[in-house]
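>>> the following block contains a protein sequence and its predicted model.
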Amino acid sequence: MLITSLALSASLCVAAPETRPNVLFIVCDDLNTHVSTSAYPHISTPAFDELAAAGMTFGRAYCQYPVCGPSRASFLSGLYPESTGVLDNKSDIRRSRPATVTMPQRFKESGYWTASVGKVFHNARIDPGMTAWNAAARFQNDELPLVTTARKAFEIDHGPIGAGRNTRRLWKEFLGSYSTQTRGQQQPGYGPSGLLDEQHKDGKNVREVASWLDDDANGNKPFFIACGIQKPHVPFLAPDAYFVKYPKNGLQYSLTPADFWTQAPKSAMVKRFTGFGFELGVENDALRREYTQAYHACISFIDAQIAVLFDSLKRNGQWDNTIIVLTSDHGFHLGEHFMWGKVTLFETCDRVPLLVRVPGMTRPGTSSDGLVELIDLFPTLAELCSVKTPAELQGRSLVSMFHDPQSTGKEVAYTVVRRGGRLGKAIRTKRWRFARWPDGEELYDLENDPAEHKNLAGSQEHADVMQALRKRLVETESMAVAARR
Amino acid sequence: MKTTPLAAACVLLVSGLLIPNLSQSATIDQPNIVVILTDDQGYADISLNPQHPREVSTPNMDALAAEGALFSNAYTSGPVCSPTRAGLMLGRYQQRVGVYSAGDGGRGFDPKLPIFPSFLPEPYISTAIGKWHLGLDSDYPKLKWHAMNRGFDECYKFMGRGGHSYFDLRSDTEGKFSHPIYRNKDRINDEGYLTNRLTEEAVAFIDRNKQNPFFLYLAYNAVHAPPQAPQADIDEFRRRFPGITEKRTILMAMLEHLDNGVGDVVAKLKNEGLFDNTILFFLTDNGGSRGMGANNAPLRGFKGSLYEGGIRTPFIVTWPAKFTGGRVIDSPVISLDILPTALDAVGQLPAQNDFDGKSLLPLLTDQSKQHRDTLYWSEGGQSGEWAVRRGDWKLHALKKERQLFNLAADPAERRNLAERQPEKVRALSEAFDDWIAQMAEPITSGSKRWEAAPNRDDLTDRKQEKRRKRADRKKAERSTNSVKATPGQ
């Protein structure tokens, strides 16, 4: 009698032509555009370069929400956050919008062998599990040698860590003050981990993919493998060798005018910088270098892991038959606008690296400055793989842009973020970024002010632009909520 | 799910790392065992039931069903908390040890009888988390009925009575729903929302024991009374579903915490690579409670009744390493089957045994469709309610009354066929007679079978109190009505 929606999945299976390409979908966590392929010169990311040389680089790709959970719920379902109902990391699309069919579920139902490793959906609890995946794995870092040492020291005084709640709390406090590496997330940890690549989550993630490929885990089906790379999310830990690449005194960054926040609405900011140990409007050069070095080390570390993925595709003869997407869930502030972390609508936080390589379609080494959104990936991959999409998808396939790198793409990219019970909303056009907050507006001229230092929202000179963008935002938001349930 | 701890270890080995102590964690011969028992959850208060009301959303429980097998004809051995728990721990009809009612079970059966963890082989570490309700702590600090004097290695739990306050987790307060929380044998003062605390304790237990096979008995007290949930969650449900009663609004907020707890425990198993080789059972202890506003659609009756609404449970078993998920199994099964199934999974179930439960593995691994012939329920002589199910037929008895239902045609038990099928009634009655003859006398008082007029002295204090209150209430109602009936004065 409890015949459930479980039964549905069987009936949706269709015989698939076996010529369909494989998909390797790589999504990084909190990775901003500090990669070589996004014209950031102070970093070395050869795997990104390799993929860019083989396919197409999108210079203006935007997330729909600058926080992991909502962004992932959005692009994995092909819907704007206002339609998924997932506007924070706690929400579960299965509750907020029951029966939403996600991209991997659609691929699985269409005859693909689907697999997930690492952080693809925000966490294991909200992950759709077997509904979407044939195989799934999540890993933990091995214990840091520093933690082992710390534990021994701790247990002499306090006894075993597992003994009680109180001991666990003391242990956390002890760890937090033991070294920068052993801190938690609130005051983010950072530093050389003392581990090898393959002892890190991401090292394990990519090696799991490699072993699926080596074992032909997909059998005679084409595969859709999603690899959730977990760095450079805090804590900024990476094997020691990657720190050596970025000496602190060699790091470059640009300064934000000290009075920036006198001209922008207060709700455009988030207070996360205090957790990192900064003060608003005050540069702390030494600390900024510490974190930036660690963030960059993490990027070089994940680049090396992504290279492992590429090698395993080549080793298994799948390189020429696999579509590769490489992107991130959103960007990240490293002191720009005195902000640290995510959850803003600035370019730094909303723009993501996006590289796509479709064998036989994208031309090697091409790039596009057309505006695209992460929700476009679901319809794009579905089209390329002859997978029927749910009718309500809100993104637009990028396939025509693969053929025409000069295409201007979308007229606007749309990103929202929650502030209390309300939303801040921003549209990015080719030239402008316009944001509307509960307590004000922002307008930046990205052509002449790419760092977004001068808010033009109050300027008479831009009254016409503002009026047009206000109207445009209203249109965009009504479209974005249209698939809400 | 492909990655087993073993496979993960291999990956490390291949990569040339030295592993100082090779993982002793669960192998296919020694899977982890997890029993998640919820409390008073309605049959339609889980969203995998297509008849669930729209305010019900339990994605984490639903996901479990997608990854394992869902039994569509699963029963608990009792219609209230304590008897079901006794049967689950014994793998035998709890009536064999004299447990017929919550009073019997709550007082506790002979603590020397072996229960669940005593049957598990040496390397298993076991914990009991949550509601115990298998004997009280009146002999504190001796604690004869305490889980750790009966085979469990550790615990975080409360001993007696059906309910516990969700917010008052202190051991130095006393009230209907406030009684001591034990960490192992110590009474502690804790804080938090109880459902979440139980989840945290379960997750911490898994974390501590990821290197060895374990048995986690996680007996949530949600969604048992008292109706209590964090105010913000209640407000959110009220906003989203303004049409439902206040009680049900609270129930839904409690259910959301419960479902998230299930999700967190499963997520922890997955994050540690343990889920594949864990045999996990999910069920509730009896039907949803009318007093809490539960919904048992499409079934008749509530907690406390031997109609289907009192004893049918959503029942899910997962073990990805052993059998494929997403299946619905229709053969009738009962909560007594859990212990024998777990023992079968660890290779410790003798072919000849005294359990009334039967291993579910043949059903789960598609080796068999036949499971069992007949199931029995009895609340003892004081209530006079008993039932028998054989095939699609169910005989329901209440004192002198007999009702016969065909559950295949009439799952809601609306059409009594007793008069049309007297020979069926007779056969099932005889089966019950044979069965009850083998059972023990009730622990507290009264007899196994209903007698026309039990002595008032035989009633438990609580029942006497209840009767007195009911009589008072009726009296009060009568007097109110008489006032209303005389207008114009």
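Sure, I can see it.
>>> for the stretch 151-300 of chain A, give me the ranges with low pLDDT.
Counting by pLDDT under 70, the stretch 151-300 of chain A contains low-confidence residues at A:162-165.
>>> chain B now?
For chain B, the stretches with pLDDT under 70 are B:1-26, B:452-464, B:474-489.
>>> scan it for its longest helix.
In terms of residue count, the longest helix belonging to chain B (DSSP state H) is helix B:246-271.
>>> list the buried residues of that helix.
Residues of helix B:246-271 classed as buried: B:248-271 (neighbour count, 16 or more other Cβ atoms under 10 Å in any protein chain shown). C-betas here are computed from N, CA, C, even on glycine.
>>> next: stretch A:243-263.
When burial is assessed from 16+ other Cβ under 10 Å, stretch A:243-263 yields the following buried residues: A:243, A:245-246, A:251, A:256, A:260-261.
>>> which residues are in contact with residue A:388?
The neighbourhood of residue A:388, defined by Cβ atoms under 8 Å, 6 or more residues apart in numbering or on different chains, consists of A:106, A:110, A:382.
>>> now the first one, nearest residue through space, not along the chain?
In space, residue A:106 comes closest to residue A:387 once its chain neighbours are excluded; the distance is 5.7 Å by Cβ to Cβ, 6 or more residues apart in numbering or on different chains.
>>> any weak-confidence spans in the stretch 301-450 of chain A?
Along the stretch 301-450 of chain A, the model assigns pLDDT under 70 to no residue.
>>> repeat the analysis, applying 90 as the threshold.
The model of the stretch 301-450 of chain A has pLDDT under 90 over residues A:421.
>>> all strands for it, in order.
In the stretch 301-450 of chain A, strands defined by DSSP state E, counting those that start in this stretch lie at A:322-328, A:333-334, A:340-341, A:351-357, A:366-373, A:413-419, A:422-428, A:432-437, A:440-445, listed in chain order.
>>> possible to save those as JSON lines with mean neighbour count and distance to chain B?
What follows is the strands of the stretch 301-450 of chain A, written out as JSON lines (neighbours: other Cβ atoms under 10 Å in any protein chain shown; distance: least, Cβ to the nearest Cβ, whole Å):
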{"stretch": "strand A:322-328", "mean neighbour count": "23", "distance to chain B": "19"}
{"stretch": "strand A:333-334", "mean neighbour count": "21", "distance to chain B": "28"}
{"stretch": "strand A:340-341", "mean neighbour count": "22", "distance to chain B": "23"}
{"stretch": "strand A:351-357", "mean neighbour count": "26", "distance to chain B": "26"}
{"stretch": "strand A:366-373", "mean neighbour count": "21", "distance to chain B": "26"}
{"stretch": "strand A:413-419", "mean neighbour count": "23", "distance to chain B": "15"}
{"stretch": "strand A:422-428", "mean neighbour count": "21", "distance to chain B": "16"}
{"stretch": "strand A:432-437", "mean neighbour count": "23", "distance to chain B": "24"}
{"stretch": "strand A:440-445", "mean neighbour count": "20", "distance to chain B": "28"}
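>>> dump these into CSV; add distance to residue B:448 as well.
Shown next, in CSV, are the strands of the stretch 301-450 of chain A (distance: least, Cβ to Cβ, whole Å):
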stretch, distance to residue B:448
strand A:322-328, 68
strand A:333-334, 72
strand A:340-341, 67
strand A:351-357, 70
strand A:366-373, 70
strand A:413-419, 61
strand A:422-428, 64
strand A:432-437, 72
strand A:440-445, 77
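>>> pick out the residue closest to the middle of the chain.
Going with chain A. Among the residues of chain A, the smallest C-alpha distance to the mean C-alpha position (Cα atoms, centre = their mean) belongs to residue A:329, namely 1.7 Å.
>>> oops, I was thinking of chain B
Within chain B, one residue has its C-alpha closest to the average C-alpha position: by Cα atoms, centre = their mean, that is residue B:285, at 2.1 Å.
>>> my guess is that one meets residue B:37, correct?
Yes. Between residue B:285 and residue B:37 a contact is recorded at 5.7 Å, counting by Cβ atoms under 8 Å.
>>> wait, which of the strands of the stretch 301-450 of chain A is closest to residue A:34?
Judged by Cβ to Cβ, the one of these that comes nearest to residue A:34 is strand A:333-334, at 7.8 Å.
>>> now for that closest one, which elements pack on it?
Using 3 or more Cβ pairs under 8 Å, 6 or more residues apart in numbering or on different chains; DSSP states H and E as the contact criterion, the elements in contact with strand A:333-334 are helix A:285-315, strand A:340-341.
>>> what's the neighbour count on residue 40?
Chain wasn't specified; assuming chain A. Residue neighbour count, defined by other Cβ atoms under 10 Å in any protein chain shown, stands at 15 for residue A:40.
>>> oops, I was thinking of chain B
The number of residues packed near residue B:40 is 28, by other Cβ under 10 Å.
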